[in-house]
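In: Fold the following.
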Amino acid sequence: MVTSEAPPRPAHRLRSIFGGSAGNLVEWYDWYAYAAFTLYFAPHFFPSSNPTMELLKSSLVFAAGFAIRPVGGWLMGVYSDRHGRKAGLVLSVTLMCAGSLLIAVAPDYAAIGWAAPALVVIARLMQGLSVGGEYGASATYLSEIAGRKHRGFWASFQYVTLVGGQLVALCVLLLLQAWLSKTALAEWGWRIPFAIGGVLAVAVYFLRRGLIESESYLNASREGMPRSGFVRLLREHPRETVTVMLLTAGGTLAFYAYSIYMQKFLVDTSGFSKEVASQISAGTLLVFMCMQPLVGALSDRIGRKPLMAGFGVLGTLLTYPIFSTLAVTHDATTAFLIVAGALVITSGYSAISGLVKAEMFPAHIRTLGVALPYAVANAIFGGTAEPLALWFKAGLHVPQAFYWYVTGTIAVSSVVYLTMRDTKANSLILED
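Out: Residues are numbered from 1 along each chain as shown. Okay, the predicted model is just below:
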């Protein structure tokens, strides 16, 4: 029988938070490397006479990775609830490593035809399974391992490292743009970041094997405790499951619209060069990353609900003005300030979103409760953000429709933010 252990000492707690966060950073670096280098590798795997169509095809593969994330959230959520948070984190990084290395060595369309994009799809599906479980496992682990008094602050490091992974991917892009010629980067240099990601994932595999298990899991693993499962989740926690999906919808769409799609928007709509767009994206992501612990710490003082509600109201009111102004902005400093402002607003959701979800569920089903509904909402709203934006622009020639779509989705989530209980005062994470 597994019994409860004493709460981890501060040094062990910090080491575990660092280990979980560092692994999360590498996982998300691997995931976002695809988005950061799409402008360079899209012609190799999805050749077309229309550059926007190349981006659209590659973004559809990006969306396919999201489509498989609910399966990853289900399978790996159950696995983490039954076998431990540490076990789930180790499994997720293994899948991510394999997917990155496959993209790094995959022959292009000119060499093997349609088998080339097929290999990319397989790699992204593997990474989608990984990330589908990674979010729930890391959100649960960081929320459980952090102490009650500073839970918002420490849990915010999930998005610090999530954004950090995206920022590292962009920094690798900026370095390669500086070191390699445009021809070299376009022909073969884009493979380098995927190789880096695969190697780093191997290192994280061994790092995560040394993590301590959370007290919440150890308590939930005692004999007689209910076992995690899909049917149990829907039967016993239907309200919480739907709440997670709805509160995720607006937040994840805003995040992907302002970060992942924004790099392409600045090139394809605003008219900035690839290099300048990458610099703007990197700078705004740095601001966004630094905001996460500040907002997380604020949630420990005033609660989670006011911050999420603030994001919902401001996101609903300002999304259309943000995109419409950026569309006609040609000054890099102005573009930077607008995008940074949009991401600061989004911090009201992102910094505490994983913790809010974790605080809704009991320990025996917590990872699944966080991972599955989040992954479903991400597949519907996050993974489709970029393809929809490009389709509205290139297919329907009404790019403004995307601005209203983001606005409307955030508005729907705002209803949840304004009516839900504050999870800080009603947390189901019982251990300190």
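
In: switch to C-alpha atoms for all contacts and neighbour counts from now on
Out: OK.

In: List the contacts of the residue nearest to residue 256 when sequence neighbours are not counted.
Out: What sits nearest to residue 256 in space, not counting adjacent residues and going by Cα to Cα, 6 or more residues apart in numbering, is residue 382, at 6.0 Å. Residues near residue 382 by Cα atoms under 8 Å, 6 or more residues apart in numbering: 66, 249, 252, 253, 255, 256.

In: biggest separation within the residues you listed, which pair?
Out: Greatest spatial distance in the contacts of residue 382: 66 and 255, 14.4 Å, computed using Cα to Cα.

In: neighbour count winner among these two?
Out: Using other Cα atoms under 10 Å, the more surrounded residue of residue 66 and residue 255 is residue 66, with 29 against 21.

In: how much space is there between that one and residue 60?
Out: As judged by Cα to Cα, to the nearest Å, residue 66 and residue 60 stand 10 Å apart.

In: what does residue 139 give?
Out: From residue 139 to residue 60 the distance is 27 Å (Cα to Cα).

In: ditto for residue 71
Out: Counting by Cα to Cα, the gap from residue 71 to residue 60 is 18 Å.

In: if I pick residue 311, what's in contact with it?
Out: Contact analysis of residue 311 by Cα under 8 Å, 6+ apart lists 345, 346, 347, 348, 349.

In: which residue packs closest to it, ignoring adjacent ones?
Out: Leaving out its chain neighbours, residue 311 is closest to residue 348 (Cα to Cα, 6+ apart), at 5.1 Å.

In: what about the one you found, which SS state?
Out: What DSSP: H, G, I helix; E, B strand; the rest coil gives for residue 348 is helix.

In: re earlier: between residue 66 and residue 60, which contacts overlap?
Out: Common neighbours of residue 66 and residue 60 (Cα under 8 Å, 6+ apart) do not exist.

In: can I get the contacts of residue 382 in CSV with distance to residue 114 and secondary structure?
Out: As requested, the contacts of residue 382 are arranged in CSV below (distance: Cα to Cα, whole Å; DSSP: H, G, I helix; E, B strand; the rest coil):
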residue, distance to residue 114, secondary structure
66, 21, helix
249, 34, helix
252, 32, helix
253, 31, helix
255, 32, helix
256, 28, helix
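
In: so where do the helices sit in the stretch 251-400 of the chain?
Out: Taking DSSP state H, counting those that start in this stretch as the criterion, the stretch 251-400 of the chain carries its helices at 260-268, 274-302, 305-327, 332-358, 366-377, 385-390, 400-419.

In: Please work out which of these is packed deepest.
Out: helix 366-377 (a mean of 30; mean count of other Cα atoms under 10 Å).

In: Among the helices of the stretch 251-400 of the chain, which comes closest to residue 226?
Out: Closest to residue 226 of those is helix 366-377 (Cα to Cα; 11.8 Å).

In: could you give the angle of the closest one to helix 332-358?
Out: With axes from the mean of the first three to the mean of the last three Cα atoms, to 10 degrees as the basis, helix 366-377 and helix 332-358 are set at 140 degrees to each other.

In: And the contacts of helix 366-377?
Out: So helix 366-377 is in contact with 66-67, 69-74, 76-78, 80-81, 132-133, 135-137, 139-140, 228-230, 233, 241-242, 244-246, 248-249, 354, 357-358, 361, going by Cα under 8 Å, 6+ apart.

In: Please repeat the previous calculation with a cut-off of 6 Å.
Out: Helix 366-377 has contacts (Cα atoms under 6 Å, 6 or more residues apart in numbering) with 69-70, 73-74, 77-78, 81, 132, 136-137, 140, 241, 245, 249, 357-358.

In: will you turn the contacts of residue 382 into CSV that also has pLDDT?
Out: Shown next, in CSV, are the contacts of residue 382 (pLDDT from 0 to 100):
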residue, pLDDT
66, 74
249, 96
252, 95
253, 96
255, 94
256, 91
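
In: Return the member of these nearest to residue 178.
Out: For the contacts of residue 382, the residue nearest residue 178 by Cα to Cα is residue 256; the value is 26.3 Å.

In: Any figure for the gap between the closest one and residue 266?
Out: Going from residue 256 to residue 266 by Cα to Cα gives 14 Å.

In: Quick check: buried residues in stretch 98-106?
Out: For stretch 98-106, the neighbour count (16 or more other Cα atoms under 10 Å) marks 98, 99, 100, 101, 102, 103, 104, 106 as buried.

In: The residues you listed in helices, which ones?
Out: Counted as lying in helices by DSSP state H, out of the buried residues of stretch 98-106, are 98, 99, 100, 101, 102, 103, 104.

In: if I pick residue 59, what's in contact with it?
Out: Counting by Cα under 6 Å, 6+ apart, residue 59 makes contact with residue 387.

In: helix, strand or coil for it?
Out: Relying on three-state DSSP, one would call residue 59 helix.

In: Relative to residue 18, how far out is it?
Out: To residue 18, residue 59 is 32 Å away according to Cα to Cα.

In: Can you give me every residue that contacts residue 253?
Out: Contact partners of residue 253, counting by Cα under 6 Å, 6+ apart, are 381, 382.

In: if you set the cut-off to 7 Å instead, what comes out?
Out: Contact analysis of residue 253 by Cα atoms under 7 Å, 6 or more residues apart in numbering lists 381, 382, 385, 406.

In: what's the answer for residue 58, then?
Out: Applying Cα under 7 Å, 6+ apart, we find residue 58 in contact with 38, 42, 46.

In: Isn't residue 272 up against residue 264?
Out: No. At 9.5 Å, residue 272 and residue 264 do not qualify as touching, with contact defined as Cα atoms under 7 Å.

In: What is the subsequent helix or strand relative to the worst-scoring helix or strand of the chain on mean pLDDT?
Out: Ranked by mean pLDDT, DSSP states H and E, the weakest helix or strand in the chain is helix 51-67, scoring a mean of 74. Tracing the chain past helix 51-67, the next element assigned as helix or strand by DSSP states H and E is helix 69-83.

In: before we move on, back to that, what about the helices of the stretch 251-400 of the chain, which gets the closest to residue 123?
Out: Using Cα to Cα, the helices of the stretch 251-400 of the chain put helix 366-377 closest to residue 123, at 18.1 Å.

In: Go through the least confident helix or strand of the chain and flag the buried ones.
Out: By neighbour count on 16+ other Cα under 10 Å, the buried set for helix 51-67 is 52-67.

In: Count the neighbours of residue 361 for me.
Out: For residue 361, the neighbour count with other Cα under 10 Å is 22.

In: All good on my end, thank you.
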